[in-house]
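Fold the following.
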Amino acid sequence: MAVSLCLAGCPPASSSSPGRLTVVAGLMWRPRKVVATKTETDRTDNWFDRMAIRHLSKSIQATTGMVNSKEGYESLVESASSVAHRFSPKEQRELVIQALHRAFPKPILSLAKILMPQHRLTRECFAIFTTIFFPWLVGPCEVKESEFGGRKERSTVHIKKCRFLESTNCVGMCINMCKMPTQKFINESLGMPVSMVPDFDDMSCELIFGQKPPEAEDDPALKQPCYEGLCKARKKYSVDCSA
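Presented below is the predicted three-dimensional model:
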């Protein structure tokens, strides 16, 4: 799976065969069972982390009307799991986008979209910004060099082990409450295409800024079955793990 995801997320090998690797990867890819780790990474949140987690959790709760009394990251996971339990995959994605608009004021998003047009420097700034301000959500991450338009630039973020995916052990929630709505929100609100490429074997993920995500029918991540016997959302909430 890791190989096919890489091919789907990487640029063509040569300008004479654009997109060929992506098509080949899509044809060769076959969904298979993956097994999640049973142990969860220990994390210590600082004051900024706790404030950001609470803000996003409350934004989801206010959007959906479903309140919970949990604290910290557990509250965020509880909010997301409740949404996954009660709403269809399409509705989940729409609700997350609404919650993100509630969490991030529209004037700030509009100003950022105007001041940061598509450019190498902009893509690299997005990558750096993500590694500084969002580890509380996704876990430790780093900027990686990638190729864009035939040139090397540092516009890809590598998430070593996604905190949200590890906390839920749910492929469906990863797709419907993170990958798909985040791609759409960043593209529409900030004018920056981004492709999120999760690796469900090791729970890592890459955010490739400037790259349009594949169409849903061509995205290998959307064909991935959930973790065998370890999906917390399914066990606790009877969540439909389909993407």
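
Where do the helices of this protein begin and end?
Per DSSP state H, the chain carries helices over the ranges 2-9, 20-28, 47-64, 72-86, 89-103, 106-115, 120-133, 135-138, 163-168, 171-174, 180-190, 232-237.

Distance check, the residue nearest to the spatial centre of the chain against residue 165.
A centroid search over the chain (C-alpha atoms, centre = their mean) returns residue 179, at 3.4 Å, as the residue closest to the centre. Distance of residue 179 to residue 165, given as C-beta to C-beta, to the nearest Å: 10 Å. For every residue, glycine as well, the C-beta is placed using N, CA and C.

now do the same end-to-end measure for stretch 176-194.
16 Å (C-alpha to C-alpha, to the nearest Å).

which parts of it are buried?
Judged by neighbour count (16 or more other C-beta atoms under 10 Å), stretch 176-194 contains these buried residues: 176-186, 189-194.

same question, stretch 193-206
193-200, 203-206.

Average pLDDT for that stretch, rounded please.
In this model, stretch 193-206 has an average pLDDT of 96.

Next, report how far that stretch is displaced from the centre of its chain.
Chain-centre distance of stretch 193-206: 7 Å, with C-alpha atoms, centre = their mean, to the nearest Å.

for the helices of the chain, which one sits closest to residue 150?
Each of these was scored for nearness to residue 150 using C-beta to C-beta, and the closest is helix 120-133 (12.0 Å).

In contact with residue 113, which residues are there?
Residue 113 is in contact with 189-191, counting by C-beta atoms under 8 Å, 6 or more residues apart in numbering.

pretty sure residue 43 is touching residue 166, no?
No - the criterion here is C-beta atoms under 8 Å, and residue 43 misses it with residue 166 at 9.7 Å.

low-scoring pLDDT stretches of this protein, where are they?
Along the chain, segments meeting pLDDT under 70 span 1-39, 236-240, 242-243.
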